[in-house]
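Peer 1: structure for this input, please:
(chains A, B and C)
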Amino acid sequence: MKYVLLALIGLFVAMYAYAVSTIEVLGDPDRTTVVWATDPNPARTKQVGIFEELNPDLEGLVDKSDATKLIVRCATGTGPDVVDIYDVFSLATFAEAGILMDLTPFADSLGFGLDDTYAPLREGLSYEGKQYRFPCNVHANAIIYNTKILDDHGAPLPQPDWTWEDFIESALAVRNNPSKSGEEHIPFANWNSEWVFRDLLIGHGGDFFTADGLHSRLGEEVSVQAIELFRDMALKHDIMPTSAEAKSLSSQGGWGSGGIAWFFNQQAAYIHIGRWAIVQVPVYLKRNPDLVENLAAVALPRVPGHPSRGIVGTRAAGINAKTKNPEAAKRFLQYLASRDYGALIAADGDALPPNPELARTGEDLVNEHITDPAFHQPFIDAVDNGVTIKMSPFIEAQLVQRWALEAVEQVENGADPRTAITRVADEIDDRIRQNLRRRSALQAKYEQVTGKAYNDDWWKEKVAAH
Amino acid sequence: MKLPFDNTSTRIRFVALGLLGFMLAMPFIWMVGASFKSRAEIEAGGIHIVPEEAHAENYPVLFGQQPEPVTGEKLELKFGRWFFNSIFIAFANTLIQVLTSALAAFAFARLEWRGRDSVFLLYLATMMIPGLTLMIPNFQVMVWLGFLNTYHGLIIPASFSAFGTFLLRQFMLGIPKAMDEAAYIDGASKWQTFTDVILPLARPGLIALALITFIFQYQQFFWPLIMLNDQQFFPLPVGLLELDSTYGQQTELIMAAATITVTPLVVLFVIFQKFLVRGIQLGGVKG
Amino acid sequence: MSERPARRWDANWPAAAVFLAPNFIGFLCFTLFPVLLSFAMAFHYWTLRPHEKASFVGLRNFTDVLGVRALDEPHYGVLALYMLCVAALIAGLIGALLSNVHQWRGTRTGGALICLTGAAMVFGALGGSAEHHTGVFAFWFNQGTQGIFFGGILALICGVAIVGREDAEWDFGIGLGPGLLIALAVFGFWSLGGPMWAAYEPRDARFWYYFYNTLFLMMGLPLAVTGALGLALLLNHDLPLGPWRHRAPGALVCAGLALLCIVLGFGLGWENIGLFAGLIWLFAALGFLFNIVTFRTIFYLPQFTSGVAVYILWKSLYRPETGPVNMGLEAGFNAIGLALVPPSWLAEIAWAKPAILVMGMWIFIGGQNMLLYLAALSNVPQELLDASLVDGASRWQRFRHVTWPQLAPTTFFITVVSVIGGLQGGFEQARVMTQGGPAGSTTALSYYIYNKMFQDLDMGYAAAISWVLFAFIFVATALNWRFGRDQEVD
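Peer 2: Numbers count the residues shown, from 1 in each chain, chains lettered A, B, ... in the order given. The predicted structure is shown next:
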C-alpha cells in the first residue's frame, strides 16, 4: 500500500511538473506585447501582421476568449490591453464598470480622436462626454439581395427609395410564387433579430431614451409600430425565420453562420447586414461560382414619412484602464487610424474603414471579389445617414439590452408586441427611478442634466407632463 | 433446446429490461455513430445511427492533427491539452482530498480530544451549505489571492471537503478497536497505527472516496468556468463549451469530442463497478 | 461506550492537531471563511467594479429579492391579508407533513380537502386560460397558468396519496387543520389576487419566474423516483436463466439473430430498422451472458456520465430539422398519418423546459437512485415476505404492504437529496444548451446567480439569492435529519 501511495504521489509530481512547464506564456520576451481581445475572425491575423511590420518593436497577440468575461477579467487585472467593444451597450457597461481608459486627453494629438472618423459616429465613441474607443470598422446595415432568386420567383426588384411595404411585397412574392427553377428559397434571411428590430426602431424615428436619459422612449407609438412590423414580418407574413430557427438550422459553419450561410449559399433572397458580410464571399464562391454576379445592395427600406435611416455602429477598440503597456496600446489605436489598416479593411470587405477618406464613394471600396462600385455605395450612404443610439447613465446598459432582447424573443414566440415593448419601457423607467433613489452620484447628475434639485417624486411631474 | 422463458413474468421482465436498456443507451450509440459521419451526412439529417462510411478523420481533426473540412485550417483549440487538464486536475484533487480526509478522519474516529465532537458538528453543518453559495465568496478569495486563471486556483480550494472526512470516518468507526489495541500493545505509535492498521483496513472506503471524488472533479463545470479565461487551462467540460461555440454547427466534431469526454468515465465505471456501488450505498450521495 | 482508554490516548491535542491540520486549514480557508464572507456579502452592496467600495445595506438585498413594491399608494390591508395567506400556506404544508408522519386524527379528511383544492386549481387554470386563448392546451403558453395547473396536479397527487392510506379513519381531528389551511390559503390567493397585483408588484419579478423554472425542472422527480424503483425491482433478482449450459446457447441464438437483423437490414436497404432490431437482440445476448450486471451498467451510465458532454449531445439530438428526435417524430407522425410538425424544442419558450425535463428524466431514471433502491430491496427481511406469502397475499399486496414501507427511508432520502440537488441545479443545462433559454424560460436560479455575478457584477445580490435558496435547502435538510432518523428501521 505504501508503494501505491508513493507511486501516486510521484505521478502527481510528474503531472504537475509537466503542466506547469508547458504553460505557454504568450509573447516574445524581446518585444512588448499588445494583447487585443477581439472576435475569432481569421482576418485578424493579417491585420495584426501589418501592425507588427509597422512597429517592429511591438508584438500583437489576438485573444479570442469569451467576451462575456471581459469585464471581470479587466476588473481583476487579468485582462487584455486593447479591447474590442461591439456596441454602445457594451461601451456604457464597460465605462460604468471603470475598466476603460479615458482617451480624450491625447486622442486628437495622437490621431485617433473623434474628428478622425465619420461624423455620425462621434457620439457612439464616447460615454458621458469622454471618448473611450476608436473604430476598427464602421458599419451600417443595408439590404443585400440575390437578383437570380428574385428573378426566379418573379419578385419585384428593390428600388432605391423603396418602403417596407415594397420590401414585404417582394419577399411575399419569393415565398408564394412558384419558382422557375423549382427550388424553394427563404425570403429574408434574418440572422440577428436584435439588429433588425433596432434598425426598425430608428427607421420609425424612435430611440431607446429621451435626450436627458431619464425616460425610456420604447413605450412610444413609433416604437410599438416598429415592433409590430417586426412581428408581422416574422409571424404574419412569415417571410423571416425567427432568431431561434435561424440559430438552430444546420448550416455550412465557418465564420458567421445561420442566416448568413443561407444567403451566401443562395438559399435566401434578402439579408439585412453590413458590408462586412462580403468577407465571406471567397468561402462560398467554391460552391456558388455565380454568387458575385447575383449580388446587389440597396439602402434600407424606409418608413413612409421618414428617410431611410438605420443605426451606424462600430466595432471599436478601447484601452484597458489597468493595462501594463499603455504606450503600446496607444500605438495600436494609432495603427487603426492609419491608412495602412484602412486600406486593408477596404480591400478585405470588412465593413468600412475608420478613416472616412478611404471610403468617399463606392469606387474607393471596390475589392477583388466585388468590383461593382454600385454595390458598395449603399453602405457608405447608410453610414452617412446613420444615427447612433445613446444610452442613459441612469440605468445599467446591460439590463436594457437584455430586456429588449427578451421582448423581441417573446414577440417572436407569439406575445403581443405592444404589451411586450411597453412592459420593457416601464421596467426601464422603474429601474431608473430606483437607481436615482439609491445613488447620490446619479442624483448629482440629475441636477446637472435638468437644472433642478433632485427629489424622490421627480418622475411624477414627468408623468403629469406627458 | 430448452428455453428458460417458460415463466411469463420472466419474459416480461426481459423484454422490459431490453427496451429500457435500448432507450437509455440510444443517445450514446447515436453519439458514437455521429462522430464518424461526414459533414454532408450531418447536414442531411441525423436519424441514421450508422454512418454510410466511417469517417474517422474527425478525431485527428479534433486534436489538431488534420485540417478541418470547412475552413481548411487546423483547429486552434487545444483539445489534447484539455484532456490532460481534466485528468490532471481530477487526479490532483482526488489525491489531496483522500489524503487529508484520511488523516482528519483518523483524528475524528480514533483520537479523543477536547472539542472533537463540536468541530465535527461544524464540518457537518457546512456540508449543508449548497456549493453555489460557497462559490461566490470563494471566487472573491481567489481574486484576492491572485489565483484566477491558474492551476492552483482549480486544485487547492477544491481539495478540501467535509464529505470525504465524513465518509472515511464512517468507515473507520466500523473497524474494531481491538486492532488498535493490539497494535498499542506491540508498542506502535499513533502514526504507525494509522498507516499499518487503519489505512489497510479502510482501503475499500479509500477507493470508493477516490473514485467518487475523481468522477465529481472530472465533471466540474461551474468552478473552472468562472475561474479560467485562458484556453490552455480548460478542463474538458469548459473546453467542450468553447468548442461548441465556435464549431457548434459541425455536429460530427462535437460528437467526437463528447465521445472522448465520456469514454474515461465509462471505462472507470466498468472496471470499478463494485467499489462505486458499495461506496454510494454506504455513504449516501454526494452533491 | 467503551471504558475510558488508557492515558496514552488521552489529551491528544498535539497528535490530533497534526492529523487534522491539513484538512482543517483547508476547511478554514475554503469552506468556513467563505461561508462567513458570503453571509456578510449578502448584507452589503458588494461589487467587483474597481472604483466602487462595498457598503453595508442591511436587509436591502433580501427585500429586493423577495419583496413587493407599491405601484401607486400602498394598500396595507390587502398586503397584510395576502401575507397571511402565504403564512397559512407554509404552515399548512409543514402541518401536512407532520400530520402524515405522526398520523394525527383527521389526516385523511384533510387529504380530501387537499384533493379538492388541487382539483380547483387545475380547473381554474384550464378555464382561466380559455378566456384568453382558444383551446384547452393554449394554456401551455402562459407560464403563469402553467404554474397553477401543475401546482394543482401536485396537490391532487398528494391529496390522493393521503386519502389512499386505508389504515386511516375518516374522522375529524387536528389532522384536518393543515388541509384546511391549505384550502383557505389557495382560496385567499385566488380572491385577493386581483387587488393585490393591481396595487403591488414584485421587486424582482424575474426571481419568481426563475424560481418557477427551477421548480418546473424538478417536476420529473416523482417519475424519476418511481422509475428508479421500477428498475430496481426489475433488476433485483437475477433472471432465472439457469446455469451456463442454458445461457450460452441462448446468448448465441440472440447474437445470431442480431447479426441476421443487421445483415438483412443493410441488404434490404432498411439499415435503421435492421440496426435497431439487431441492437435489441444484442442487448438480449449480453443479458444472457452477464445477466443483471449488463442492465445495471447501462441504466447507471446516463447519470454517471452526465455533464457538459451529455448536455451537448442532447442539444444535438433536439436540433429542429436535422436532429434525430424531430426526424423520428416526423417519421412517426407521417406513419400514423398526422400532419403535425414537431416543435423546435430548445428554441421555443413553451417547449424548452419540457425538453430539458425529458432529458432530466432520461438521466435520473437509473443512476444512484436505482442503486440505493437495489440496496434497500436486498435489505428487506425475507421473513416478512415469506410470512405475507403464507397469508395468501398477491404480488401487488405484498409489494404495497411489505416492501414499500421497508423502502420508505430510502424513498425519503432520495426525495430530499433530489430536492436539494434540483434547487441548486439547472445551471449547466442553461449555460450549455440554451443560454437561459428563449426569453429566460430555461434560466434556473443558479444561472440567475451566475448572471448577477458575472454580468452585473453584483455579488452582494447574488449572495443574497443564494442564501434564500439555502433557506429552502435548509428546510429540506432539516426535514431529512429529523424524519430520516425516525424512519430508519435498521
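
Peer 1: in chain A, which spans are strands?
Peer 2: Here chain A has its strands, by DSSP state E, at A:32-37, A:58-63, A:82-85, A:126-127, A:130-131, A:133-140, A:142-146, A:186-189, A:268-273, A:295-298, A:312-319.

Peer 1: quick one: closest of these to C:Lys452.
Peer 2: Among the strands of chain A, the nearest to C:Lys452 by Cβ to Cβ is strand A:82-85 (22.1 Å). For glycine as for every other residue, the C-beta is placed from the backbone atoms N, C-alpha and C.

Peer 1: hmm, that closest one touching chain B?
Peer 2: No. Strand A:82-85 stays clear of chain B (Cβ under 8 Å from any Cβ of the partner chain), getting no nearer than 13.0 Å.

Peer 1: distance from that strand to the middle of the chain?
Peer 2: Between the centre of strand A:82-85 and the centre of its chain there are 13 Å (Cα atoms, centre = their mean, to the nearest Å).

Peer 1: how many residues are close by A:Ala343?
Peer 2: Neighbour count of A:Ala343, defined by other Cβ atoms under 10 Å in any protein chain shown: 15.

Peer 1: A:Pro353 is in contact with that one, correct?
Peer 2: Yes. Counting by Cβ atoms under 8 Å, A:Ala343 touches A:Pro353, with 7.4 Å between them.

Peer 1: make CSV from the strands of chain A and add mean pLDDT to it.
Peer 2: Shown next, in CSV, are the strands of chain A (pLDDT from 0 to 100):
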stretch, mean pLDDT
strand A:32-37, 87
strand A:58-63, 85
strand A:82-85, 92
strand A:126-127, 91
strand A:130-131, 92
strand A:133-140, 91
strand A:142-146, 92
strand A:186-189, 88
strand A:268-273, 90
strand A:295-298, 90
strand A:312-319, 92
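
Peer 1: got CSV for those strands, with mean neighbour count too?
Peer 2: What follows is the strands of chain A, written out as CSV (neighbours: other Cβ atoms under 10 Å in any protein chain shown):
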stretch, mean neighbour count
strand A:32-37, 22
strand A:58-63, 19
strand A:82-85, 26
strand A:126-127, 22
strand A:130-131, 18
strand A:133-140, 27
strand A:142-146, 24
strand A:186-189, 26
strand A:268-273, 26
strand A:295-298, 22
strand A:312-319, 26
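
Peer 1: make CSV out of those and add distance to C:Phe216.
Peer 2: Listed next are the strands of chain A as CSV, based on distance: least, Cβ to Cβ, whole Å:
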stretch, distance to C:Phe216
strand A:32-37, 37
strand A:58-63, 38
strand A:82-85, 37
strand A:126-127, 40
strand A:130-131, 46
strand A:133-140, 40
strand A:142-146, 41
strand A:186-189, 34
strand A:268-273, 36
strand A:295-298, 46
strand A:312-319, 38
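
Peer 1: just so I know, which of these lies nearest chain C?
Peer 2: Closest to chain C of the strands of chain A is strand A:186-189 (Cβ to the nearest Cβ; 12.7 Å).

Peer 1: what sits up against the closest one?
Peer 2: A:171-172, A:174-175, A:233, A:239-241, A:246, A:259-260, A:262-263, A:267-272 (Cβ atoms under 8 Å, 6 or more residues apart in numbering or on different chains).

Peer 1: doesn't A:Arg315 make contact with A:Leu121?
Peer 2: No. Contact between A:Leu121 and A:Arg315 fails when scored by Cβ under 8 Å: they sit 11.6 Å apart.

Peer 1: any residues in contact with both of these two?
Peer 2: With Cβ under 8 Å, 6+ apart as the test, A:Leu121 and A:Arg315 both reach A:Pro135.

Peer 1: what residue ranges in the stretch 151-287 of chain B are flagged as low confidence?
Peer 2: Applying pLDDT under 70 to the stretch 151-287 of chain B flags residues B:279-287.

Peer 1: in it, what residue comes closest to chain C?
Peer 2: The minimum distance from the stretch 151-287 of chain B to chain C, using Cβ to the nearest Cβ, falls at B:Phe160 (2.9 Å).

Peer 1: now that residue: how far from chain A?
Peer 2: Going from B:Phe160 to chain A by Cβ to the nearest Cβ, to the nearest Å gives 16 Å.

Peer 1: how is chain C divided into domains?
Peer 2: The record's domain split for chain C, according to automatic domain parsing, is C:73-201, C:222-239+C:291-487.

Peer 1: for chain A, that is, sorry about that
Peer 2: If you go by automatic domain parsing, chain A breaks into A:32-140+A:312-384, A:142-298.

Peer 1: flag whichever of the ones you listed has the least confidence on average.
Peer 2: Of all the domains of chain A, the minimum mean pLDDT falls on domain A:142-298 (a mean of 84).

Peer 1: that one: how far from the chain's middle?
Peer 2: For domain A:142-298, the distance to the chain centre is 16 Å (Cα atoms, centre = their mean).

Peer 1: all helices of the stretch 101-250 of chain A, in order?
Peer 2: A:104-110, A:122-125, A:147-152, A:164-176, A:193-203, A:221-231, A:243-248 (DSSP state H, counting those that start in this stretch).

Peer 1: what angle sits between the fifth one and strand A:312-319?
Peer 2: Read it as helix A:193-203. Put simply, helix A:193-203 runs at 120 degrees to strand A:312-319, going by axes from the mean of the first three to the mean of the last three Cα atoms, to 10 degrees.

Peer 1: quick check: buried residues in helix A:193-203?
Peer 2: Buried positions in helix A:193-203, judged by neighbour count with 16 or more other Cβ atoms under 10 Å in any protein chain shown: A:193, A:195-203.

Peer 1: which outside residues touch that helix?
Peer 2: For helix A:193-203, the external contacting residues (Cβ under 8 Å, 6+ apart) are A:141, A:164, A:190, A:207-208, A:222-223, A:226-227, A:229-230, A:234, A:240, A:242-243, A:246, A:272, A:300-303, A:306, A:308-311, A:387, A:389, A:404-405, A:408-409, A:412.

Peer 1: now the shortest one
Peer 2: Contacts with helix A:122-125, where a contact means Cβ under 8 Å, 6+ apart, come from A:88, A:91, A:114, A:117, A:131-135, A:312-314, A:316, A:388-390.

Peer 1: give me the distance between the residue nearest to B:Leu75 when sequence neighbours are not counted and B:Asn58.
Peer 2: Once flanking residues are discounted, B:Leu75 sits nearest to B:Gly64: 5.0 Å by Cβ to Cβ, 6 or more residues apart in numbering or on different chains. Relative to B:Asn58, B:Gly64 is positioned 12 Å away (Cβ to Cβ, to the nearest Å).
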